[in-house]
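Colleague: Any chance you could fold what I've pasted below:
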Amino acid sequence: MELKPIRTEAELDLAFKRLEDIFDAVPGTKESDELEVLSLLIEDYENKHHPIEAPDPIEAIKIRMEEMGMNQKDLGQIIGFKSRASEILNRKRKLTLKMIRSISQQMNIPTDVLVKEY
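Modeller: Numbering: from 1, shown residues only. So this is what the prediction gives:
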């Protein structure tokens, strides 16, 4: 396949088909180099034409809680108020700066995600 920037959905489809064909390429071969470059081209096209927005703060917290096997009580311990965890998760109370700092540090969620409006 001739490597060039992907500009259309049709070209993206062709790129995915080629990627599938060479997916198990042996490292150090021409096909593995093609695989690496093709992956970058696909990623670039998708980032430009199909961006994925970051979740709102509450969704980000819920996702991370699930990933970490946490429950509402665990979140309450992080924010310092067990009773507030439910209010936060149900969007009845906003996150405070202190909560944002604690959640960011202990759950490894970037503060720029946590300070967004929701």
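Colleague: tell me the domain ranges of the protein?
Modeller: 9-49, 57-114 (automatic domain parsing).
Colleague: I'd like these laid out as JSON lines, including distance to residue 3, mean pLDDT and mean neighbour count.
Modeller: Bear in mind the C-beta positions are built from the backbone N, C-alpha and C, glycine included. Formatted as JSON lines, the domains of the chain follow (distance: least, C-beta to C-beta, whole Å; pLDDT from 0 to 100; neighbours: other C-beta atoms under 10 Å):
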{"stretch": "domain 9-49", "distance to residue 3": "5", "mean pLDDT": "95", "mean neighbour count": "13"}
{"stretch": "domain 57-114", "distance to residue 3": "33", "mean pLDDT": "95", "mean neighbour count": "15"}
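Colleague: Would you format the ones you listed as CSV with distance to residue 2 included?
Modeller: Formatted as CSV, the domains of the chain follow (distance: least, C-beta to C-beta, whole Å):
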stretch, distance to residue 2
domain 9-49, 10
domain 57-114, 39
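Colleague: just how off-centre is the longest helix anywhere in the chain within its chain?
Modeller: Scanning the chain for the helix with the most residues, using DSSP state H, yields helix 30-49. Helix 30-49 has its C-alpha centroid displaced from the chain centroid by 19 Å (C-alpha atoms, centre = their mean, to the nearest Å).
Colleague: Which other helices and strands does that helix contact?
Modeller: helix 9-22 (3 or more C-beta pairs under 8 Å, 6 or more residues apart in numbering; DSSP states H and E).
Colleague: which helices and strands sit right next to the helix it packs on?
Modeller: Packed against helix 9-22 by the contact rule (3+ C-beta pairs under 8 Å, 6+ apart) you find helix 30-49.
Colleague: quick one: the next helix or strand after the helix it packs on to chain centroid distance?
Modeller: Counting by DSSP states H and E, the next helix or strand C-terminal to helix 30-49 is helix 57-68. The chain centroid and the centroid of helix 57-68 are separated by 11 Å, computed with C-alpha atoms, centre = their mean.
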